[in-house]
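1. model this:
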Amino acid sequence: MKKVACVGILVADVIVEPVANYPEKGVLEIVNSITMHNGGNAMTAAINLRKLGVESSMVGMVGNDMFGIFLKNKLQEACVDIKGLKTSTNAQTSASVLMLDEKGERSFFHCRGTNAVFCEKDIDYSVIEECDAVFVTGTFLMDKFDGKETMVFLQKCKQMGKTTFLDVCWDATGRWGELLDMSMPYIDYLMPSIDEAVCIAQKDTPEEIADVFVSKGAKNVIIKLGSKGSYLRKEGEKKGRIFPPYYVENPVDTTGAGDSFCSGFLAAFARELSPEDCTVFGNATGSHCVTAKGATTGIKTYEETLEFINSRKEK
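-> Residues are numbered from 1 along each chain as shown. Next up is the predicted model:
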């Protein structure tokens with residue numbers, strides 16, 4: 001089975017719920033719970049992969065603080081390889097406060113912290129060498145690593161014979177393609193959500209977006225469509241295909257659903273399944289994510305997820 005290096009952001013998520021409205025200045029609002037969870041695209045994927053039975057390595061940075069200790073402990077509890085995890089004494093661990101409404105939809109306050117200072121020189125390439133696939137995720141939230149450094153890293157990964165995957169976050173700076181386009185020729189699987197994909201490609205439909213990404217050098221294009229499922233266009237194909245989602249009644253928390261899709265796809269890829277089967281498995285993994293609070297809590301084992309997929313086929 002293949003091993004996956006997850007390169008990118010780690011975040012301590014403080015979740016507040018339910019938030020029906022925001023209090024005025026100086027006013028206290030009662031909520032049911034305030035809890036802390038591990039988050040961040042790369043950390044979520046690394047832990048999910050272990051839950052799905054795949055070896056994973058975490059490559060990123062935390063601060064020398066309580067948030068950093070919390071995240072490192074969570075990775076170790078999940079048996080993720082943390083040889084590639086650096087600790088900064090100059091920046092705080094990245095953290096978010098997530099406000100969940102009664103339907104599980106979320107709003108954020110976010111501090112970039114160590115994710116903003118993490119750079120290509122912080123990467124231990126001996127960790128990358130041990131892995132078969134490299135998943136870069138959190139692009140547009142890593143100030144130093146985004147852009148040219150991501151391109152340099154992915155180029156080195158390809159020279160090392162690795163299969164590369166990349167997912168992005170929302171780009172509040174609005175630079176989008178200016179940062180990402182240079183990396184496209186070194187991306188085997190580009191995996192954005194539809195909202196980010198529209199902004200990067202400046203097109204509206206999955207087919208048009210895929211045309212742009214392929215023209216810039218990306219080999220395979222996967223677009224997460226939320227409640228509409230996911231889109232896959234394989235290398236060499238002129239048209240893609242939409243894979244329907246697995247419906248979840250009364251979702252608890254949508255945090256990490258897109259990251260969980262990527263985790264499921266990678267877990268299936270590690271077992272050398274076809275891109276189509278990887279996409280189906282990703283949809284199922286994403287659906288399990290929203291059934292529990294936190295980015296990794298609801299993830300099932302590989303066998304349980306496969307049983308869930310097969311049970312739905314029988315209906």
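2. okay, CA-based contacts and neighbour counts for the rest of this
-> Fine.
3. Pull the residues that contact stretch 238-247.
-> 207, 227-234, 279-280, 283-284, 287 (Cα atoms under 8 Å, 6 or more residues apart in numbering).
4. Adding secondary structure, write those residues out as CSV.
-> As requested, the contacts of stretch 238-247 are exported to CSV (DSSP: H, G, I helix; E, B strand; the rest coil):
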residue, secondary structure
E207, helix
S227, helix
K228, helix
G229, coil
S230, strand
Y231, strand
L232, strand
R233, strand
K234, coil
T279, helix
V280, helix
N283, helix
A284, helix
S287, helix
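5. Only whichever of these are buried, select them in ChimeraX.
-> Applying 16 or more other Cα atoms under 10 Å to these, the buried members can be selected in ChimeraX as follows:
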select :207,229,230,231,232,233,234,279,280,283,284,287
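6. from the contacts of stretch 238-247, which single one is nearest F135?
-> Comparing the contacts of stretch 238-247 against F135 with Cα to Cα places T279 closest, at 15.7 Å.
7. Excluding chain neighbours, what is closest to that closest one?
-> In space, and not counting its chain neighbours, T279 is closest to F265: 5.7 Å by Cα to Cα, 6 or more residues apart in numbering.
8. export the one helix or strand that neighbour maps to as PDB, just CAs?
-> In this structure, F265 sits in helix 257-270 according to DSSP states H and E. Taking Å, rounded to 0.1, in the frame of the first residue of the first chain, the C-alpha atoms of helix 257-270 are listed here in PDB:
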ATOM      1  CA  ALA A 257     -16.000  17.800   4.500                       C
ATOM      2  CA  GLY A 258     -14.000  18.800   1.500                       C
ATOM      3  CA  ASP A 259     -10.700  17.700   3.200                       C
ATOM      4  CA  SER A 260     -12.400  14.400   4.000                       C
ATOM      5  CA  PHE A 261     -13.300  13.900   0.400                       C
ATOM      6  CA  CYS A 262      -9.700  14.300  -0.500                       C
ATOM      7  CA  SER A 263      -8.700  11.900   2.300                       C
ATOM      8  CA  GLY A 264     -11.000   9.300   0.900                       C
ATOM      9  CA  PHE A 265      -9.800   9.700  -2.600                       C
ATOM     10  CA  LEU A 266      -6.200   9.400  -1.400                       C
ATOM     11  CA  ALA A 267      -7.000   6.300   0.700                       C
ATOM     12  CA  ALA A 268      -8.500   4.600  -2.300                       C
ATOM     13  CA  PHE A 269      -5.600   5.700  -4.500                       C
ATOM     14  CA  ALA A 270      -3.100   4.200  -1.900                       C
END
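9. Below-threshold pLDDT in the chain: ranges please.
-> Within the chain, the stretches with pLDDT under 70 are 247-256, 287-298, 312-315.
10. And the helices in it, which stretches?
-> In the chain, the helices defined using DSSP state H lie at 41-51, 66-77, 114-117, 125-129, 148-159, 177-180, 194-201, 206-215, 257-270, 275-289, 302-314.
11. what's the angle between the helix holding F265 and helix 275-289?
-> Here helix 257-270 runs at an angle of 140 degrees relative to helix 275-289 (axes from the mean of the first three to the mean of the last three Cα atoms, to 10 degrees).
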